[in-house]
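[1] pasting the sequence and the predicted coordinates here, then a few questions.
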Amino acid sequence: MLPHSTIIEVAVPLPMDRTFHYLVPGDLAERALPGRRVLVPFGGRRLTAYVLTLLASSDVNTMKEIVEVLDEEPLWTDDELEFFRWVASYYLHPLGEVLKTALPAGINLQTRRFKGQQGTETLSGGRNIRHETYFRPGPAPDPQRPLGSKAQQVLEFIRQQGDVAAAELRGRFGQCALQLKRLQELGLTAAEQREVYRDPFRDESNERDVSRQLNQHQQAAFESLCRSLDSRVFAPWLLHGVTGSGKTEVYLQAIAHALDQGTNALVLVPEISLTPQLVRRFRARFGSGIAILHSGLSDGERYDEWRRIRRGQANIVIGARSAIFAPLERIGIIVVDEEHEASFKQGDALRYNARDLALVRGRLERATVVLGSATPLITSLHAVEQGRLGLLSLPQRVRGIPMPTVETVAMQGIRSTISPQLHQALEQTLADGGQAIIFLNRRGFATFLVCSDCSQPLTCPNCSVTLTFHRSRGQSVCHYCDYAVPAPGTCPACGGLELKELGAGTERVEHDLAELLPRARILRMDSDTTSGKGSHGRLLSRMADGSADILIGTQMITKGHDFPGVTLVGVINAEASLNMPDFRSSERTFQVLSQVIGRAGRGDTPGRVLLQAINPSHYAIQCAIAHDSQGFYRQELDFRREAGYPPFAHLAGLGLSGTTENGVEQQAELTGRLLGQLKRELALRVEILGPAQAPLYRLRGRYRRQILLKAPSRNDLRRLIAAWMARRTSSSTIREIIDIDPVDMM
Ligand code: ADP
Ligand code: ZN
């Protein structure tokens, strides 16, 4: 009979909906503990597995022995494992893959190396970790003989600082290895090797900043948050504040309160607004102790930040959606800024929504959760009405700056991208020394080439989309798969020689503006101009320091920045996003227009917005113009109720894709039929829509069909999908994905 601590339950990072039992040989028993990774034999190969629990016994007869323990410290706490189990069960995703997603990529790299080697790895060992020499004052008193002047300076500096890295000394004194060696021999300094973390913001200056005196609304919101922080129970809040109402100031002060109580803070922001500007604001307020997680970090930087957090060396974590998995303990407050942003939803593999998970993790941690936005989700406002979220509102801009005035420009019959009214307003603004933002909702509306002979647009051979024409690159490009052809060329449909441009992309607007306003300093910001590391921040700072007059851009420019100099905002084609085949298209249009309108007039001069549209009568546009979020909420809620969409139903999407049209169609039909049968067998109230072609029917060479499931009860929805997963016969050539609470309906 084996002693009982030698059986473990593990999860493996494979698409399998179960866990496995393994034996632990005696010499590894002390180290094979929950939260650590182990190497296990699995179907003829070796796999990294995650230890979940120690088992007293197992009914599995043929257990294999684990090969090695990979970590000397646990990667996760029991509480975190509970959270990950919840995630796996809610999103119907294998636990092992959830755990893998939650780890920084850097750690996996290290393990791959290790597998060839047979050493062990700890959080402090391994080759991905760097060391640096630090100097501090040594035990000896003042030197008997005078030192050289450089050595003297170095010594004084070390004494002053108490503790200095070699790199800093080199930066300050140049090459000083000889002096350091001498000082050490004399016992005047002591050196030590210390682990260092790559600091993604090492070049930022260290300005200081103090709390602002809160206005009355901010104060009320702050006090509510303090009360729930003091009570240490789960308290979810919606902070609904118009653009520029001082939401960030409220977060900062509430976070300070949480830190005072000895708890930590997790701040989630959309990737796009994770700018140096935001980070600087946090640094200026809180100094060090901030860890940053976003996709711009290298694997090494990310892994460093992760370890700092795991070791309790950061008490504030700021990050994009994946930061919801940060190994932060004792979380007192979770902030989700711009909670309405679709980018909190992960679009592939584990399709989680970090905004929703913030509430889940907050509940497990008994934390205060603040969802902040100027344009909250319809579902959040509904949750407030039902009492599931507390409401904190900031109805006015700080210092009583008025909301900008908004005018519409009817574009019927106007062929140019910039209307005469907008042109004139721009000239006036520049003459007054102001700055302007030109916003282009490019989704579904870009410059493309159309054949003059057969009128066919140039489309991607792999995806059902038109190719976007990029004048400066001289190419037509697919924004989904990166397919590119030299342009202009000939029409692939009929061989026609003349291709003409249609539609207006950002590049086109930039070109037209440069002609209209030759002296203006124009910046363009979109995914083409911000692909380099730090380029986003550089563009923004040129706007902030006044070295540019006009910023042209897509969604990217609508959030997270505060440019006091911007007094004019122009919107090109305001209704573009209304035509998306998605039940949220009105909500998204209202949100994006409200946000962009809110960019105007944040300084002392009142703002003005000109909104160009062919037909501005839709309620999403009208309510955005009137700054009327209540009115929009009412009308949109009516629409959702009638059409049976959230918050009146829960949704799940099943997507099927494959390289042959027939294969996908057959499998989709089978899936639809099986779902219908299971629904009847289990007597579930679920509406099954489809299978139908996805709006983006071809993507990267794959044909795509989808089934949308709608149900008033989450439980019915989950039971149906779980039953389908158990009964389905998968095809080896068709890929199937499950998307709980889908956000992207394309
Ligand atoms: P939001 O996050 O709602 O868009 P911010 O918190 O960025 O608004 O505030 C907008 C601007 O007003 C910032 O420059 C901020 O420093 C300033 N601010 C915020 N609260 C106050 C206050 N109580 N007094 C003075 N200035 C404030
Ligand atoms: Zn493509």
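    Happy to help now that I have it. Here the structure is a predicted model, which is why all the values come from computation and not from measurement. Ligands and ions are numbered 1, 2, ... in the order given.

[2] what residues does the stretch 501-650 of the chain put near ligand 1?
    Where the stretch 501-650 of the chain comes near ligand 1, counting by CB under 6 Å from any ligand atom, the residues are Asp562. In this view, the C-beta of every residue, glycine as well, is placed from N, C-alpha and C.

[3] ditto for the chain
    The chain comes close to ligand 1 at residues 212-215, 218, 241, 243-249, 398-399, 562, as judged by CB under 6 Å from any ligand atom.

[4] which of these are buried?
    214-215, 218, 241, 243-249, 398 (16 or more other CB atoms under 10 Å).

[5] hmm, back to that, out of the residues of the chain next to ligand 1, which comes closest to Gly598?
    Comparing the residues of the chain next to ligand 1 against Gly598 with CB to CB places Thr243 closest, at 2.7 Å.

[6] leaving out chain neighbours, which residue sits closest to the closest one?
    Nearest residue to Thr243 in three dimensions, chain neighbours excluded: Gly598, at 2.7 Å (CB to CB, 6 or more residues apart in numbering).

[7] Leu371 now?
    Leaving aside its chain neighbours, Leu371 sits nearest to Glu339 (3.9 Å; criterion: CB to CB, 6+ apart).

[8] same deal with Ala32?
    Closest to Ala32 by CB to CB, 6+ apart is Val24, at 4.5 Å.

[9] who's in contact with the one you found?
    Neighbouring residues of Val24 by CB atoms under 8 Å, 6 or more residues apart in numbering: 5-8, 32, 65-66.

[10] among those, name the ones in strands.
    Among the contacts of Val24, the ones falling in strands (DSSP state E) are 7-8.

[11] by neighbours, which of the contacts of Val24 wins?
    Neighbour counts for the contacts of Val24, by other CB atoms under 10 Å, peak at Ile8, which reaches 28 neighbours.

[12] any idea whether the closest residue to Pro276 other than its chain neighbours is helix, strand or coil?
    Spatially, and ignoring its direct neighbours in sequence, Pro276 is nearest to Gly537 (4.3 Å; CB to CB, 6+ apart). Following DSSP: H, G, I helix; E, B strand; the rest coil, Gly537 is assigned to helix.

[13] could you check the pLDDT of Gly537?
    Gly537 carries a pLDDT value of 72.

[14] report how many residues lie close to it.
    Gly537: 18 surrounding residues under other CB under 10 Å.

[15] kindly report the same for the one 3 residues further on.
    Close neighbours of Leu540, defined as other CB under 10 Å, add up to 23.

[16] re the thing from before, would you turn the contacts of Val24 into JSON lines with pLDDT?
    Shown next, in JSON lines, are the contacts of Val24 (pLDDT from 0 to 100):
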{"residue": "Ser5", "pLDDT": "52"}
{"residue": "Thr6", "pLDDT": "87"}
{"residue": "Ile7", "pLDDT": "94"}
{"residue": "Ile8", "pLDDT": "95"}
{"residue": "Ala32", "pLDDT": "93"}
{"residue": "Glu65", "pLDDT": "94"}
{"residue": "Ile66", "pLDDT": "95"}
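
[17] from the contacts of Val24, which is closest to Asp163?
    Ala32 (38.1 Å).

[18] low-confidence ranges, the stretch 401-550 of the chain, go.
    442-447, 488, 503-504, 528, 531-534 (pLDDT under 70).

[19] same check, this time on the stretch 201-350 of the chain
    Flagging of the stretch 201-350 of the chain using pLDDT under 70 yields the residue ranges 201-207.

[20] greatest separation within the buried ones among the residues of the chain next to ligand 1: which pair is it?
    Comparing every pair within those by CB to CB identifies Leu214 and Thr243 as the most remote, at 17.8 Å.

[21] any idea how this structure splits into domains?
    Per automatic domain parsing, the structural domains of the chain span 7-125, 131-195, 216-302+314-399, 401-445+504-640, 650-740.

[22] distance between the ends of the longest one?
    Meaning domain 401-445+504-640. Domain 401-445+504-640 stretches 34 Å from its first residue to its last (CA to CA, to the nearest Å).

[23] likewise for the last one?
    Domain 650-740 has its terminal residues 9 Å apart, counting by CA to CA.

[24] are it and ligand 2 in contact anywhere?
    No. Domain 650-740 stays clear of ligand 2 (CB under 5 Å from the ion), getting no nearer than 6.3 Å.

[25] wasn't Asp79 part of a helix?
    Yes. When three-state DSSP is applied, Asp79 is found to be in a helix.

[26] ok, now which ones touch it?
    329, 364-365.

[27] that one and Thr567, how far apart?
    According to CB to CB, to the nearest Å, Asp79 and Thr567 sit 49 Å apart.

[28] before we move on, what about His627?
    Between His627 and Thr567 the distance, using CB to CB, works out to 17 Å.

[29] returning to that earlier point: can you add distance to Arg208 and give the domains of the chain back as CSV?
    Output for these, formatted as CSV (distance: least, CB to CB, whole Å):
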stretch, distance to Arg208
domain 7-125, 31
domain 131-195, 19
domain 216-302+314-399, 6
domain 401-445+504-640, 19
domain 650-740, 44
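
[30] residues from the protein in reach of ligand 2?
    Counting by CB under 5 Å from the ion, the chain sits next to ligand 2 at 460, 462-463, 478, 480-481, 483.

[31] and the buried ones among the residues you listed, selectable in PyMOL?
    A single PyMOL command selects the buried members of the residues of the chain next to ligand 2 (16+ other CB under 10 Å):
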select buried, resi 460+462+463+478+480+481+483
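
[32] I'd like the residues of the chain next to ligand 2 laid out as CSV, including secondary structure.
    Shown next, in CSV, are the residues of the chain next to ligand 2 (three-state DSSP):
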residue, secondary structure
Cys460, coil
Asn462, coil
Cys463, coil
Cys478, coil
Tyr480, coil
Cys481, coil
Tyr483, coil
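
[33] which elements pack onto the helix or strand that Gln667 is a member of?
    In this structure, Gln667 is located in helix 661-682 according to DSSP states H and E. Packing contacts for helix 661-682, counted by 3 or more CB pairs under 8 Å, 6 or more residues apart in numbering; DSSP states H and E, involve strand 650-658, strand 687-699, strand 702-711, helix 714-727.
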